[in-house]
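Trainee: Predicted model and sequence follow; I will ask about them next.
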Amino acid sequence: MSSPEPSGRAELRRMRIYAIVDSIPLGRISTYGRVAEEAGIPRGARQVGAALRNLPKGRVLPWHRVINAAGKISHASPQQAHRQRKLLAAEGIRFGETNKVDLGTFVWP
DNA sequence: CTCGTGACTTTGT
DNA sequence: TACAAAGCCACGA
């Protein structure tokens, strides 16, 4: 029987990342680096970004609650960035005049 | 094995 | 505050 759910090293890592992101409560945010550490991947911020980028279609996840260490939105696509900004605003996340989030206030522990 | 790529981070100017 | 350069890590060609 072939495994319907591949669980290689990379896949396992992705699943762990998804679990962490999924645990970020509404109204709070986290950073790529933070999620990576929580998932047991020190200095794996880029991998978190890759995991979210590779997010399987249909998979529901509060991906928008993950921003970079500067408190800003990181995206390859400005359009997606705008969407994230909107989603966060809808959850009460406030942006400063420099388009940065006050991490001290909104970052999830 | 080497190289290029990326939803990152840190440090210096 | 903004930007540039260097560092870091996993992947795929």
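Mentor: Thanks, I have the structure now.

Trainee: Quick check: residue A:79 vs DNA strand B, distance?
Mentor: From residue A:79 over to DNA strand B the distance is 12 Å, taken as C-beta to the nearest atom of the strand, to the nearest Å. Where C-beta positions appear, they are placed from N, C-alpha and C, glycine not excepted.

Trainee: Give me the pLDDT value at that residue.
Mentor: Residue A:79 carries a pLDDT value of 94.

Trainee: Regarding it, what is its secondary structure?
Mentor: Residue A:79 falls in the helix class when you classify it by DSSP: H, G, I helix; E, B strand; the rest coil.

Trainee: give the contact list for it.
Mentor: With contact set as C-beta atoms under 8 Å, 6 or more residues apart in numbering, residue A:79 has no partners.

Trainee: buried set for the strand or helix carrying residue A:20?
Mentor: Residue A:20 is located in helix A:9-22, with elements delineated by DSSP states H and E. The neighbour-count check on helix A:9-22 (16 or more other C-beta atoms under 10 Å) flags A:13-14, A:16-18, A:20-21 as buried.
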